[in-house]
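Engineer: Here is my input, please return the structure:
(one chain, ligands or ions: 2)
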Amino acid sequence: MKISIKLGLWFFICIFIIEASSMFFLHRNVVHSLVNEELNALKLRGNSHRDVIEISYDKATLHHIKIMESQTDTEVVITNDVGKVITSSKTVDKEMEKILNTKHEESKNGLIIQSDWQDERYISTVSSFQAPNGEIGFVYMFKSTDQIQHVISRLNEHFILASVLIIFLMLFTIFLLSKALTKPLILMKEATRKISKGDFSVSLPKTSNDEIGELSTSIQILANDLNYLKKERNEFLGSISHELRTPLTYIKGYADIAKRNNISEKDRLHYIHIIYEESNHVSNLLTELFDLAKMDQHTFSISKEKVNICLFMQSILRKMEPAFESKGVKLEFICQKETFAHIDPIRFEQVFLNLLDNALKYSDTNTLTAIEITKKENIIDINVRDQGHGIPAEDLPYIFDRLYRVDKSRSRLTGGYGLGLSIVKEIIDAHGGTISVESQLNKGTCFKITLKGLYDENRFADR
Ligand SMILES: Nc1ncnc2c1ncn2[C@@H]1O[C@H](COP(=O)(O)OP(=O)(O)OP(=O)(O)O)[C@@H](O)[C@H]1O
Ligand SMILES: [Mg+2]
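Structural biologist: Ligands and ions are numbered 1, 2, ... in the order given. A predicted model of the protein is given here:
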């Protein structure tokens, strides 16, 4: 069953029960108070006749009462204490007689003796009196139930009309409401079906700020992410095949030449050397890609240990110094003493080698590369700053993407794959840290690493 029908049906059943029960109670109360009012009015009228009789009990008064009542829609019957009719505004009929014969108590204030307006012909009250001469008697008041039944049947008609109108309005409102409520759900269902079929180009409207709106936003974000991943995967595969095709074309071409008989042994060795270099290139690329794939699957393990980051950095710098010296790039190292970090040294060596390799690759002679390590409370900040070529602002958001290189042609010369920074980012992420970059074209670049929640020296001992 469709959700709009289901929702509408539930709404209808709930509101119908509420409406029917409140209509029922309202109707009952209105009828009850209407009949009560009639009975009270009848009783008061009987009481007022009694008052008059108690003041003056003579023929003229009785006649006057009789005449008065014959002009109204109520009837009066006055009897003596043994039930003999003294006077009446109308000939006493069978139904009246039945009431007159029912036993009842004496009551000065009047008594309701017949209130059944549905099945009887009259509703009736009685008030007892004691005439000035000491005689006792009763003033019976009657009112035909026809009139009450007529009023109540008119009331019923109004109630039925109102109920039908309410049900009609209710159905209309429920129809609109369930459509409005289920429309975003139906859109989301269609969107998720499209996503499950591999079509991520969905666009869901931002409908509201409630849970349904949030769900819609989440589905939209999911679709956008999947779309981005799909695009990235295609681009990634395209870049890899490109990266592999170039060295393999070299290898094939030089192998072709090296195989010929008419070339000198020196040339052959030269070609074999190129083939060796290019194979190395492919092999390194595949190793790095394999590393990244392992990081993606979270199968690469990180074994953290307490590392004195200044000493650790110094040993890395010692390895890099000759390369920097030969290019004429100065290295500067500032470190806050006794800074301990909880890191995997092998992975972190990869991080710094990549960052320093970039700083060297993209800097000119007579520039400075500075590494600064500071510690504030439990947070370690590591800045690797160079005075190199810088990165254009439009490329900055993508430099941590796989195989992304700013200057493709130059990078082939310098031999980069565009994988270094993505590996760096994966390792930092796996350590729960963050890495960001600031760069100005032709002025330099600064990579900032923040490692959070690392234990300080004293607390570390307890762990
Ligand atoms: N310090 C830097 N100064 C200027 N540009 C940089 C710097 N570091 C990175 N880049 C730019 O970002 C791109 C991506 O860097 P990344 O280290 O990922 O790749 P790569 O150095 O080209 O190749 P790989 O590191 O895989 O050998 C580089 O191609 C370069 O254009
Ligand atoms: Mg690099």
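Engineer: Test my guess that residue 362 contacts residue 399.
Structural biologist: No: counting by CB atoms under 8 Å, residue 399 is not a contact partner of residue 362; they are 11.1 Å apart. For the C-beta atoms, the positions are set from N, CA and C on the backbone; glycine is no exception.
Engineer: which residue packs closest to the residue of the stretch 301-450 of the chain found nearest ligand 2, ignoring adjacent ones?
Structural biologist: Closest residue of the stretch 301-450 of the chain to ligand 2, CB to the ion: residue 420 (2.8 Å). Counting by CB to CB, 6 or more residues apart in numbering, residue 420 lies nearest to residue 354, which is 4.1 Å off, once chain neighbours are set aside.
Engineer: and this protein, which residues reach ligand 1?
Structural biologist: 354, 358-359, 362, 386, 388-391, 399, 404-407, 411, 416-422, 445 (CB under 6 Å from any ligand atom).
Engineer: What is the subsequent helix or strand relative to the strand or helix carrying residue 190?
Structural biologist: Assigning secondary structure by DSSP states H and E places residue 190 in helix 145-196. Using DSSP H and E, the next helix or strand after helix 145-196 towards the C-terminus is helix 211-258.
Engineer: Give the rounded mean pLDDT of that next one.
Structural biologist: For helix 211-258, mean pLDDT is 86.
Engineer: out of the residues of the chain next to ligand 1, which are inside strands?
Structural biologist: Residues of the residues of the chain next to ligand 1 located in strands (DSSP state E): 386, 445.
Engineer: Now, of the residues of the chain next to ligand 1, which are buried?
Structural biologist: Buried by 16 or more other CB atoms under 10 Å: 354, 358-359, 362, 386, 388-391, 399, 404-406, 416-422, 445, out of those.
Engineer: Show only the entries of those found in helices.
Structural biologist: Assigned to helices by DSSP state H, the following of those qualify: 354, 358-359, 420-422.
Engineer: Residue 274: which of those residues is nearest?
Structural biologist: Taking CB to CB as the measure, residue 274 lies nearest residue 420 of those, at 24.0 Å.
Engineer: Which element, helix or strand, includes the closest residue to ligand 2 within the stretch 201-350 of the chain?
Structural biologist: Closest to ligand 2 within the stretch 201-350 of the chain is residue 288: 10.1 Å, counting by CB to the ion. Assigned by DSSP H and E, residue 288 falls within helix 265-296.
Engineer: Next secondary structure element downstream of that helix?
Structural biologist: strand 305-308.
Engineer: May I see the buried residues of that following strand?
Structural biologist: Those would be residue 307, for strand 305-308 by 16+ other CB under 10 Å.
Engineer: residues making contact with it?
Structural biologist: 338-345, 348, 455, 460 (CB atoms under 8 Å, 6 or more residues apart in numbering).
Engineer: For ligand 1, state which of those is nearest.
Structural biologist: Closest to ligand 1 out of those is residue 348 (15.9 Å), distances taken as CB to the nearest ligand atom.
Engineer: right, and the closest one touches residue 313 too?
Structural biologist: No: using CB under 8 Å, residue 348 makes no contact with residue 313, being 9.3 Å away.
Engineer: returning to what we had before: just the angle for the helix holding residue 288 relative to helix 211-258, thanks.
Structural biologist: Orientation check (axes from the mean of the first three to the mean of the last three CA atoms, to 10 degrees): helix 265-296 against helix 211-258 gives 160 degrees.
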